[in-house]
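Peer 1: below is the sequence, then the predicted model.
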Amino acid sequence: MAQIVFDQKRDFTGGLNFRADQFQLKDNESPFILNVDVDPRGGVFTRPGYKKKHATAVTATGWNPKGLFNYKDVSSPRIMLTTGFQTSGSVDGTVQSSSGSNFSVLNFGVSTPILVKSTNGASITQYLDTLYLAIGKDASQMYKWNSDNVYASALTASGPTWQAYQNPVGGFMPRAELARAHANKLFVANTKELNNDATPTVEDFPNRLRWSHESSPENWYQDDYIDIVAGGEGITGLAIVDGQLLIFKPEAVYLLMGYDADSFQLVELSTNVGIKYPQHVVEGSSGAYFFSYPQGIMFYDRNGIRDLFDRLKPIIDTNRINAQKLNVLTLSYVNDRLWMSAPFDINNTGTAVDYSNMNFVYDPSIGQRGAFTMYQSAVYANAATPADITPFGLVSGIDWTDSTGEIYHLLINPNTSFKYVMYVDEYEDSDNISQNVNDDILEGDDLGDYTTNFTTPWFYDDRYVQDKTFVRSLYVVRAVDEETQITVNVYHDFNSNDVVTSHIINLEPVNTGGVFDTGLFNTATFGEIDLKEGIQRGGRLKRAKCTQLEFLGPLGDTTNTDGRQWGINSIAYKYKRRKIRSQK
């Protein structure tokens with residue numbers, strides 16, 4: 001008689017891997033994870049809900065959100081939001097600010113908003129206590145703003161007018177697409193200025209990098225620039241790593257070393273990768289992350305450029321990321337994790353998605369190579385318009401600290417019907433009572449249920465040619481606060497399309513018992529008689545050469561279970577090996 005064999009899976013830290021060949025998946029990797037986080041210690045658990053940071057929707061014509069900026073003002077920290085110019089209808093973008101509640105448009109005069117001309121939104125940087133705003137080279141002037149002032153101040157375009165080193169007067173800034181404070185100077189890139197013709201006219205200089213006078217960001221010398229011709233047309237992004245300036249072009253990456261015009265040295269890092277839009281690069285805690293098409297996500301630190309995307313590369317090779325809509329793809333570094341928002345064909349149907357509908361979240365602290373998971377927002381199932389029933393990926397995020405020292409992890413909802421900045425990774429509500437288990441959507445918290453899914457790799461005991469009779473499985477689960485049902489779908493023999501069988505894991509909330517002199521008679525539960533065990537029995541997995549499990553979390557509006565918080569710490573397979581000559 002064949003004996004029962006046990007095998008336990010407790011390590012899921014490999015995260016998401018889209019490799020089509022199941023034999024390339026490690027035991028701790030998954031072919032599909034949605035709205036589930038990977039625990040660095042080995043388990044998986046549901047993400048918290050997305051919550052609105054402000055009560056009133058952002059006022060904006062159209063909705064083309066391009067970035068958030070953390071204005072680190074000592075007395076009044078602000079969240080800065082920028083939208084981009086929309087070519088359809090010629091709609092200007094805006095710059096808006098918030099002290100933590102509703103957003104208001106930043107003006108440079110009474111009822112006179114700053115008109116952003118760049119399709120990528122305003123490029124915002126902070127020099128000491130002042131913000132400098134490059135709103136696009138097609139704008140006639142750039143701006144600065146200090147929170148002590150009601151209105152922003154316009155800066156006259158350098159080149160037509162340059163400033164000598166002797167007796168500069170200030171109040172100038174070149175027309176540009178990008179701006180960045182660095183090395184005690186203000187840098188701008190992709191400029192529009194006078195050419196050197198006999199009769200000078202204003203001309204685009206997309207490959208030009210300029211810097212201001214030392215300690216004087218509003219004065220600019222005519223000869224203080226570098227033209228970087230190789231690597232495609234236009235400088236597309238700037239970032240700072242280890243005190244050095246990274247310069248991105250569509251097909252190249254450069255590093256500017258040194259601290260002044262006499263010591264600046266341009267180093268070519270790569271002519272194989274680059275970025276197409278400023279939102280494709282973000283600074284992390286130890287380096288810069290950037291998205292290069294078709295290579296994927298790259299990481300640069302003092303050790304060079306590394307590829308982080310090999311496990312997800314098939315989604316580019318099979319055109320599941322829409323290459324025609326890379327302008328909606330953004331990278332954000334929020335709560336020590338990288339968020340990539342992308343237009344993604346989640347069901348692999350060949351449908352080209354034209355908006356950011358998915359977040360790929362990369363945690364570099366898990367394992368030796370980090371781990372990916374996927375997030376997608378809840379939808380309003382009863383919506384009258386298609387846009388309201390479409391899941392979204394949040395875009396262009398930051399970490400922001402308010403005046404009390406509380407940290408918020410913020411990203412923007414790109415839904416045109418729901419113009420809000422959301423906060424994420426917050427497991428407790430504003431009263432610090434319970435977990436945020438739903439997303440804020442059009443009709444409020446109660447209908448914000450989102451899909452959760454964790455799929456295991458194929459389990460075949462290293463013997464996929466041998467039949468096995470799988471008996472009842474066991475799961476070590478996390479405690480829940482409310483009644484929760486988890487559906488487990490079972491697949492056989494490398495066929496992930498047809499469910500062979502399924503079973504339900506019923507999770508009951510934990511009751512810790514009443515406390516003497518506080519519990520009310522006939523209402524409180526005394527003792528721990530209702531404490532639920534952490535090991536749950538699963539159903540029979542039946543007979544197969546190999547098996548795969550798909551864990552689906554609850555939807556409160558369809559299963560009558562309100563629980564959202566759930567997690568799996570371990571899966572135990574129990575099976576009997578059959579003789580090789582046995583046939584299924």
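Peer 2: The structure has been received and is ready for your questions. Residues are numbered from 1 along each chain as shown.
Peer 1: bridged to the residue nearest the centre of the chain, which residues?
Peer 2: Taking CA atoms, centre = their mean, the centroid of the chain lies closest to W339, which sits 2.1 Å from it. Legend: beta-bridge partners of W339 under DSSP bridges are S332, V361.
Peer 1: was I right to think it contacts N359?
Peer 2: Yes - here W339 reaches N359: they are 5.2 Å apart, a contact under CB atoms under 8 Å. Yep, even glycine has a C-beta here, placed from its N, CA and C like the rest.
Peer 1: now for the two: what residues contact both?
Peer 2: Y375, L394 (CB atoms under 8 Å, 6 or more residues apart in numbering).
Peer 1: tell me where the stretch 201-350 of the chain has helices.
Peer 2: 314-317 (DSSP state H, counting those that start in this stretch).
Peer 1: for the nearest residue to Q222 once chain neighbours are set aside, give me the pLDDT.
Peer 2: Distances taken as CB to CB, 6 or more residues apart in numbering place W162 nearest to Q222, at 4.1 Å, with adjacent residues excluded. Looking at W162, its pLDDT stands at 94.
Peer 1: which element, helix or strand, includes W162?
Peer 2: W162 belongs to no helix or strand when assigned by DSSP states H and E.
Peer 1: distance of it relative to P206?
Peer 2: The gap separating W162 from P206 is 20 Å, by CB to CB, to the nearest Å.
Peer 1: for the stretch 351-500 of the chain, what are the low-confidence residue spans?
Peer 2: When residues are selected by pLDDT under 70, those of the stretch 351-500 of the chain lie in 381-388, 428-435, 443-447.
Peer 1: how deep is the nearest residue to D7 once chain neighbours are set aside tucked in, by neighbour count?
Peer 2: Nearest non-adjacent residue to D7, counting by CB to CB, 6+ apart: Y573, 4.7 Å away. Counted with other CB atoms under 10 Å, the neighbours of Y573 add up to 21.
Peer 1: need the phi and psi values for Y573.
Peer 2: phi -90, psi 130 (degrees, to the nearest 10).
Peer 1: OK, contacts around it?
Peer 2: Neighbours of Y573 in contact, by CB under 8 Å, 6+ apart: F6, D7, Q8, K9, F459, F470, S473, L541, T547.
Peer 1: who wins for neighbours among the residues you listed?
Peer 2: L541 (26 neighbours).
Peer 1: quick one: it from K26, how far?
Peer 2: 21 Å.
Peer 1: quick check: closest non-adjacent residue to G93.
Peer 2: Per CB to CB, 6+ apart, closest to G93 is V116, 3.2 Å.
Peer 1: how about the helices in the stretch 451-584 of the chain?
Peer 2: Applying DSSP H, counting those that start in this stretch to the stretch 451-584 of the chain gives helices spanning 556-559.
Peer 1: just the strands from it, written as ranges.
Peer 2: For the stretch 451-584 of the chain, the strands defined by DSSP state E, counting those that start in this stretch occupy 453-455, 468-470, 474-477, 484-492, 501-507, 535-537, 542-544, 547-552, 567-577.
Peer 1: who are the packing partners of the third one?
Peer 2: In this structure, strand 474-477 makes packing contacts with strand 501-507, strand 535-537, strand 567-577, judged by 3 or more CB pairs under 8 Å, 6 or more residues apart in numbering; DSSP states H and E.
Peer 1: which of those has the highest mean neighbour count?
Peer 2: strand 567-577 (a mean of 19; mean count of other CB atoms under 10 Å).
Peer 1: now it, how far from the centre of its chain.
Peer 2: 32 Å (CA atoms, centre = their mean, to the nearest Å).
Peer 1: and what of stretch 449-458?
Peer 2: Mean-position distance between stretch 449-458 and its chain equals 19 Å (CA atoms, centre = their mean).
Peer 1: what are the buried residues along it?
Peer 2: D449, Y450, T452, N453, F454, T455, T456, P457, W458 (16 or more other CB atoms under 10 Å).
Peer 1: what about that stretch, how long is it end to end?
Peer 2: Start-to-end span of stretch 449-458 (CA to CA, to the nearest Å) is 29 Å.
Peer 1: can you check stretch 191-203 too?
Peer 2: 9 Å.
Peer 1: can you pull the contacts of V229?
Peer 2: V229 touches N207, counting by CB under 8 Å, 6+ apart.
Peer 1: how near is it to Y254?
Peer 2: Using CB to CB, V229 is found at 11 Å from Y254.
Peer 1: can you check R19 too?
Peer 2: For R19, the distance to Y254 - CB to CB - is 33 Å.
Peer 1: could you do N196 as well?
Peer 2: 24 Å.
Peer 1: between those two, who's got more neighbours?
Peer 2: Y254 (22 against 7).
Peer 1: can you verify my assumption that H409 contacts V421?
Peer 2: No - the criterion here is CB under 8 Å, and H409 misses it with V421 at 10.9 Å.
Peer 1: the two - which one has more neighbours?
Peer 2: Neighbour totals were compared for H409 and V421, and V421 leads with 25 against 19 (other CB under 10 Å).
Peer 1: let me see the contact set for the closest residue to the more buried one other than its chain neighbours.
Peer 2: In space, and not counting its chain neighbours, V421 is closest to K53: 4.7 Å by CB to CB, 6+ apart. Residues in contact with K53 (CB under 8 Å, 6+ apart) are I79, S98, G100, Y408, L410, Y420, V421, M422, Y423.
Peer 1: the nearest residue to the second one once chain neighbours are set aside bridge partners, please.
Peer 2: Setting aside the residues directly before and after it, S98 is nearest to I79 in space (CB to CB, 6+ apart), at 4.5 Å. The residues listed as beta-bridge partners of I79 by DSSP bridges are N70, S98.
Peer 1: and I79, how many neighbours?
Peer 2: Residues near I79, counting by other CB under 10 Å: 23.
Peer 1: now do the same contact list for it.
Peer 2: 53, 68-71, 97-100, 103, 398, 400, 410, 421.
Peer 1: need those in TSV with distance to S332, can you?
Peer 2: Shown next, in TSV, are these (distance: CB to CB, whole Å):
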residue	distance to S332
K53	15
L68	8
F69	12
N70	12
Y71	17
S97	19
S98	17
S99	21
G100	19
F103	18
I398	7
W400	12
L410	9
V421	12
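Peer 1: nearest to T112 among those?
Peer 2: Within the contacts of I79, the smallest distance to T112 is 15.5 Å, found for S97 (CB to CB).
Peer 1: quick one: neighbours of that closest one, just the number.
Peer 2: Counted with other CB under 10 Å, S97 comes out at 19.
Peer 1: number of nearby residues for the closest residue to it other than its chain neighbours?
Peer 2: Closest residue in space to S97, ignoring its immediate chain neighbours: R78 at 4.8 Å, by CB to CB, 6+ apart. Using other CB under 10 Å, R78 has 22 neighbouring residues.
Peer 1: so is the residue nearest to L312 when sequence neighbours are not counted in a helix, a strand, or just coil?
Peer 2: Among residues not flanking L312 along the chain, F18 sits closest, at 5.4 Å (CB to CB, 6+ apart). Under DSSP: H, G, I helix; E, B strand; the rest coil, the three-state class of F18 is coil.
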